[in-house]
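Visitor: coordinates for the following, if possible.
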Amino acid sequence: MEKLASVKEASRERLYCAALVTGLTLGVVAVHGYHPYAEDGGLYMAGVKKLLDPTVYPHGSEFVMGHLRFSVFAPLVAGLARLLHLSVERMMLVLHVASVWLTLFAAWLLAGRCYASREARSGAVGLLAVWITLPIAGTSLMLMDPYVTARSFSTPLALLALVGLLDWMGRSRRGLWLCGGALVAAAAVHPLMAAYATGCVLMLWCQLSARRAVRVGGSVGLCLLAIGLAGALQAFAPTESAAYVRVAMTRAYWFVWSWQWYEWLGLVAPLAILGWVMRVRNPPAQRGLARMAMAVGGTAIVVAAVFARAGNATHLVARLQPLRVFQMVYVVMILVLGAWAGERLLRTSLMRWGIAAVVLGAAMFAGERATFPYSAHLELPLLLKGTLPRDHWVQAFLWIREHTPKDAMFALDAHYITEPGEDAQGFRAIAERSVLPDYSKDGGEAAITPALAEAWAAGQAAQTGLEDASDAQRMLLLRPMGVGWVVLRGTSTTGFDCMYRNETVKVCRLPQTAHP
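Guide: This is a model prediction of the structure:
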């Protein structure tokens, strides 16, 4: 009878987990929105489109494919789209929902290894769902993005690796397979984030060891190894070109000494919260996770402060962005806070849970609307033909997709992605046309791929001040680069033939003759 009762209880717990994670996934999409073409989402979307149709982006394709060279993510997405006969847009939406579900499920499993009560586990996963787009200090990363990237899957895989390690150390042989398999899969989709996840796994193993020599000596050894490896990379890094140094200096978030005080607070506060957890007599798994997060977080700060400095001779360590490991630190911190709130404050009161969800969800919803004020909260209209998005820039990009030659080459102001009303929407992903590299997203590509620095610098020179230049200056700068079309603000003066215009922007064709 006891065995039967235990089976029934496990079945109820699985049903509860499935219902909770599915409900929270729908809540995440409803609260945090979906913006598939924004920021890095546009980069990955363009890369998948290039794999599905090699004839798109015939000019400057290195900026489309460069970030995909170490990952199987885009080929897998393209393969799934072909297999399921789905458009890229629909495939990305399915993957976004799946990645959120998998992340929350992995978090539930991790919380289940640390907390006995359902209230604690529910609070941990619930708070992660509410804060899932929380910015990570000054790193220019969020816990998860409101669009699909390789990080959308490396994150849950990293959490599953921690779950597997905890199971293995609890004498489950399957845990080792889960840990190793999750790390291998993470490395396939995002090698850099997988490397940091591996560091977290090794540190957690040291912290959970029954032997004090391993807990202390192993942890210190891992920290010193990371610092020594960073020093070796810095010492033997190849000489950087002047063009690359210029592009590296545009990535202020690489250099912790240039951060604002509140960004530094984003590093210190999580470590302080986890330090509080360590002072309380908690079960080993809780203490081990807290100590792991503190150790890797503190080591990352040291590495970034010493080796990722703007004035260093080379910037290889800065390029590796060691503070990205704080993604895992934030996840652990949120699980700790959520579990504490669920067990100590919310308990079994449905009213308290409801009030907490509404208050915290409303704050995050307001933040999302402030980030994308000119875009739909759920950018699904682009998935449906015959509908018009709210963003005037996106309207122009869609017109370009339908009315210009596939091999057309475009130019926009180098800083177009930060223009008021543009909402960081990616031109290539929406318009499906080639364009000179921009300052923001393409600058990021050039910063991690030094071979692109010269092309990026040339693109900046040609497009900087494009809005206020004369037509003669535009022709002089753009024609040698093969540009045949420009996107200008509606207020820009030009004699070019502008075949499309709305309240904000216009699309103009350069004359075929040498001078307008």
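
Visitor: give the helix, strand or coil label for residue 422.
Guide: Three-state assignment for residue 422 (DSSP: H, G, I helix; E, B strand; the rest coil): coil.

Visitor: can you give me the distance of the closest residue to it other than its chain neighbours to residue 38?
Guide: In space, and not counting its chain neighbours, residue 422 is closest to residue 393: 4.6 Å by C-beta to C-beta, 6 or more residues apart in numbering. Bear in mind the C-beta positions are built from the backbone N, C-alpha and C, glycine included. To residue 38, residue 393 is 11 Å away according to C-beta to C-beta, to the nearest Å.

Visitor: ok, residue 71 next?
Guide: 20 Å.

Visitor: isn't the residue nearest to residue 422 up against residue 419?
Guide: Yes - when contacts are counted by C-beta atoms under 8 Å, residue 393 is listed as touching residue 419 (7.3 Å).

Visitor: quick one: which of these two has more around it?
Guide: residue 393 (26 against 16; other C-beta atoms under 10 Å).

Visitor: ok, that one - contacts?
Guide: Contact analysis of residue 393 by C-beta atoms under 8 Å, 6 or more residues apart in numbering lists 416, 419, 421, 422, 423, 425, 504, 505.

Visitor: now swap in residue 128 and tell me
Guide: Per C-beta under 8 Å, 6+ apart, neighbours of residue 128: 103, 104, 107, 143, 331, 334, 335, 338.

Visitor: quick one: buried residues of the longest helix seen in the chain?
Guide: The residue-count maximum for a helix in the chain (DSSP state H) belongs to helix 2-32. Using 16 or more other C-beta atoms under 10 Å as the burial criterion, the residues of helix 2-32 that qualify are 17, 20, 21, 24, 25, 27, 28, 29, 31, 32.

Visitor: kindly report the same for stretch 157-171.
Guide: 157-169.

Visitor: contacting residues around that stretch?
Guide: Residues outside stretch 157-171 that contact it (C-beta under 8 Å, 6+ apart) are 103, 106-107, 109-110, 113, 174-183, 185-186, 189, 193-194, 196-198, 200-201, 204-205, 208, 285, 289, 328, 331.

Visitor: give me the buried entries from these.
Guide: Counted by 16+ other C-beta under 10 Å, the contacts of stretch 157-171 give 103, 106-107, 109-110, 113, 175, 178-179, 182-183, 185-186, 189, 193-194, 196-198, 200-201, 204-205, 208, 285, 289, 328, 331 as buried.

Visitor: which ones are touching the closest residue to residue 492 other than its chain neighbours?
Guide: Leaving aside its chain neighbours, residue 492 sits nearest to residue 467 (4.9 Å; criterion: C-beta to C-beta, 6+ apart). Contacts here follow C-beta under 8 Å, 6+ apart; on that basis residue 467 touches 413, 488, 489, 492.

Visitor: before we move on, the earlier item: what helix or strand is the residue nearest to residue 422 on?
Guide: helix 392-403 (DSSP states H and E).

Visitor: give me the nearest residue to residue 305, chain neighbours excluded.
Guide: residue 256 (5.8 Å).

Visitor: so that neighbour makes contact with residue 301?
Guide: Yes - if you go by C-beta under 8 Å, residue 256 and residue 301 touch, sitting 7.3 Å apart.

Visitor: so what sits against both of these two?
Guide: What both residue 256 and residue 301 touch, as defined by C-beta under 8 Å, 6+ apart, is the set 267, 323.

Visitor: who has more neighbours out of the two?
Guide: Taking neighbours as other C-beta under 10 Å, residue 256 and residue 301 compare with residue 256 leading, 23 against 20.

Visitor: please report the distance of that one from residue 471.
Guide: 44 Å.

Visitor: can you map out the helices along the stretch 1-150 of the chain?
Guide: 2-32, 39-52, 62-65, 73-84, 88-112, 118-130 (DSSP state H, counting those that start in this stretch).

Visitor: just so I know, which of the ones you listed lies nearest residue 273?
Guide: Evaluated with C-beta to C-beta, those place helix 118-130 nearest to residue 273, the distance being 12.5 Å.

Visitor: from the chain's centre, how far out does the closest one sit?
Guide: Taking the mean of its C-alpha atoms, helix 118-130 sits 22 Å from the chain's own mean (C-alpha atoms, centre = their mean, to the nearest Å).

Visitor: how about stretch 95-102?
Guide: The answer for stretch 95-102 is 14 Å, by C-alpha atoms, centre = their mean.

Visitor: hmm, who's touching that stretch?
Guide: The contact list for stretch 95-102, computed with C-beta under 8 Å, 6+ apart, reads 21-22, 25, 28-29, 34, 36, 77, 80, 132, 144, 147-148, 152-153, 155-156.
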